[in-house]
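Participant: Coordinates only, no sequence provided:
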């Protein structure tokens with residue numbers, strides 16, 4: 001099935017000089033933008049967490065749209081989703097319906113979170129949970145879960161950069177020593193760490209304009225140009241169906257399906273629903289949301305963000321194109337789309353495509369590291385270690401932690417099996433979904449007891465982790481996937497959703513018990529009108545620093 005052009009590319013594996021030059025050009029351009037962003041809309045007093053970690057809470061509709069798009073549609077989009085379709089077929093399309101499901105869900109609760117966060121100066125979800133339920137233990141649990149789930153997500157972005165560098169022939173080849181092989185990734189990491197440290201959230205917000213422009217350009221060209229070269233979509237689907245019907249790693253069974261069969265429907269539906277519920281539990285999603293200047297900005301964004309879902313549906317088809325083209329992934333499915341671009345596009349445009357993937361990794365990685373730093377600073381450092389920390393001290397700690405988080409993600413990706421990158425993110429989804437009862441439940445009701453929420457979270461975390469540990473994959477004995485048999489039903493389903501159901505059941509039952517026992521419930525520092533307040537309403541916190549224009553905060 002391998003075409004001559006693919007064979008030649010695989011055989012040579014030399015450095016693609018033209019593509020590399022274009023890639024370096026765009027990389028340097030966004031690096032300069034990243035450092036210049038420190039002066040963009042800069043406040044007079046910028047040494048605080050609101051300015052560094054939330055961009056001064058001043059972004060309007062379009063900046064927020066690009067920031068959320070850059071945050072949610074990542075190297076995972078470009079690399080792992082088509083790679084899943086290349087490997088297993090239709091099951092990889094779960095990412096398309098889950099991004100459709102998520103926007104009506106967030107329309108119901110994100111404006112409420114924005115309002116209460118701006119009125120009380122909350123920077124993280126853990127800030128809200130602590131204020132709502134009066135529980136530092138529950139707040140700490142939410143914060144640690146966010147940190148734990150974010151690490152593999154950042155690692156996934158580094159895998160995307162590494163896949164691009166590998167296809168361009170940078171890194172000394174498979175037999176080079178580890179330092180030479182990983183040096184380009186280390187350089188990219190160092191640049192990312194430097195401008196994030198310097199500019200905070202303003203850097204990825206500014207770079208997101210370039211990132212999204214490149215992604216839309218590459219997909220528009222790819223969805224027209226590549227099918228023409230491959231003989232049309234009819235030929236693509238026919239060849240993909242034949243390839244997926246071939247025996248996979250498990251002897252005697254097809255490697256995947258062109259369309260999902262009855263046996264896969266529970267797994268597909270639960271994975272899509274569970275992923276939709278989890279997406280805006282991630283710290284980076286909340287960070288981008290709270291950076292906006294009004295609750296109406298959030299509402300408008302939930303109506304226009306589905307444009308990215310259309311893009312994602314087209315992008316997913318590239319996995320089938322790689323099957324038709326006989327793309328040589330050298331045993332690593334994460335290389336499927338970068339190698340397809342290298343084989344099909346002229347070298348100069350392949351460089352543009354590689355830059356889109358690379359920048360598509362840098363933007364979310366920056367936001368994720370900032371979000372993780374916000375969590376640690378507010379909910380570990382200030383809540384537990386130094387309650388009297390000044391805004392300047394918070395600012396300094398957050399910048400240092402953002403560096404440490406990136407180092408941890410880099411170690412994660414350099415020491416783990418890179419062929420299972422998508423499972424890194426799916427495991428994080430299992431964990432982060434367990435914070436939903438405390439966060440979303442707390443936005444609408446105070447009925448849940450804080451101790452019951454903590455117990456439910458613990459049950460969900462333990463069950464989800466142990467169940468995922470027991471899943472074997474083609475290349476690993478443990479953590480080989482995110483689906484397992486649902487207890488009591490006998491169907492295969494998403495582990496995270498099963499853990500979430502157990503979480504909710506435990507929370508509800510224990511809440512009834514604890515209320516009957518009249519256990520202390522903690523102090524709620526919020527009031528009902530906090531959840532519908534807008535920036536101009538009386539009582540909204542005035543801690544937003546004015547931008548360089550000198551305009552009053554919030555105007």
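Facilitator: That came through, no problem. As the structure is a prediction and not an experimental result, all values here were calculated from the model.
Participant: low pLDDT regions in the stretch 401-550 of the chain?
Facilitator: Filtered on pLDDT under 70, the stretch 401-550 of the chain yields the residue ranges 416-424, 473-476, 535-550.
Participant: repeat that with 50
Facilitator: 538-550 (pLDDT under 50).
Participant: Equivalent analysis for the chain, please.
Facilitator: Using pLDDT under 50, the chain drops low at 1-12, 251, 538-555.
Participant: how about the strands in it?
Facilitator: Applying DSSP state E to the chain gives strands spanning 483-485, 492-494.
Participant: Packed most tightly, which of these would that be?
Facilitator: A comparison of the strands of the chain by mean neighbour count, using mean count of other C-beta atoms under 10 Å, puts strand 492-494 on top with a mean of 24. From N, CA and C alone the C-beta is placed, and that goes for glycine too.
Participant: which residue ranges form the helices in the stretch 151-300 of the chain?
Facilitator: Using DSSP state H, counting those that start in this stretch, the helices found in the stretch 151-300 of the chain span residues 178-199, 202-230, 233-245, 265-279, 283-290, 295-304.
Participant: sorry, back to before: tabulate the strands of the chain (a markdown table), appending distance to residue 268.
Facilitator: A markdown table is the format used below for these (distance: least, C-beta to C-beta, whole Å):
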| stretch | distance to residue 268 |
| --- | --- |
| strand 483-485 | 9 |
| strand 492-494 | 9 |
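Participant: residue contacts, residue 229?
Facilitator: When the contact criterion is C-beta atoms under 8 Å, 6 or more residues apart in numbering, the partners of residue 229 are residue 344.
Participant: can we see that at 10 Å?
Facilitator: 5, 321, 324, 325, 343, 344, 345 (C-beta atoms under 10 Å, 6 or more residues apart in numbering).
Participant: so who does the residue nearest to residue 27 when sequence neighbours are not counted touch?
Facilitator: Among residues not flanking residue 27 along the chain, residue 358 sits closest, at 6.3 Å (C-beta to C-beta, 6 or more residues apart in numbering). Residues in contact with residue 358 (C-beta under 10 Å, 6+ apart) are 23-24, 26-27, 30, 75, 78, 157, 160-165, 168, 188, 211, 214, 338.
Participant: could you flag which of those residues are buried?
Facilitator: 23, 26-27, 30, 75, 78, 157, 160-165, 168, 188, 211, 214, 338 (16 or more other C-beta atoms under 10 Å).
Participant: Can you tell me how far the residue nearest to residue 27 is from residue 101?
Facilitator: Residue 358 sits 29 Å away from residue 101, going by C-beta to C-beta, to the nearest Å.
Participant: before we move on, back to that, the helices of the stretch 151-300 of the chain: which one's closest to residue 92?
Facilitator: helix 265-279 (9.9 Å; C-beta to C-beta).
Participant: Please name every helix or strand in contact with the closest one.
Facilitator: helix 95-120, helix 421-432, helix 436-444, strand 483-485, strand 492-494, helix 495-516 (3 or more C-beta pairs under 10 Å, 6 or more residues apart in numbering; DSSP states H and E).
Participant: Next, format these as a markdown table and append distance to residue 184.
Facilitator: Output for those, formatted as a markdown table (distance: least, C-beta to C-beta, whole Å):
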| stretch | distance to residue 184 |
| --- | --- |
| helix 95-120 | 28 |
| helix 421-432 | 18 |
| helix 436-444 | 38 |
| strand 483-485 | 35 |
| strand 492-494 | 35 |
| helix 495-516 | 34 |
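Participant: Residue 390 is nearest to which of the ones you listed?
Facilitator: Among the helices and strands packed on helix 265-279, helix 95-120 sits nearest to residue 390 (C-beta to C-beta), with 18.7 Å.
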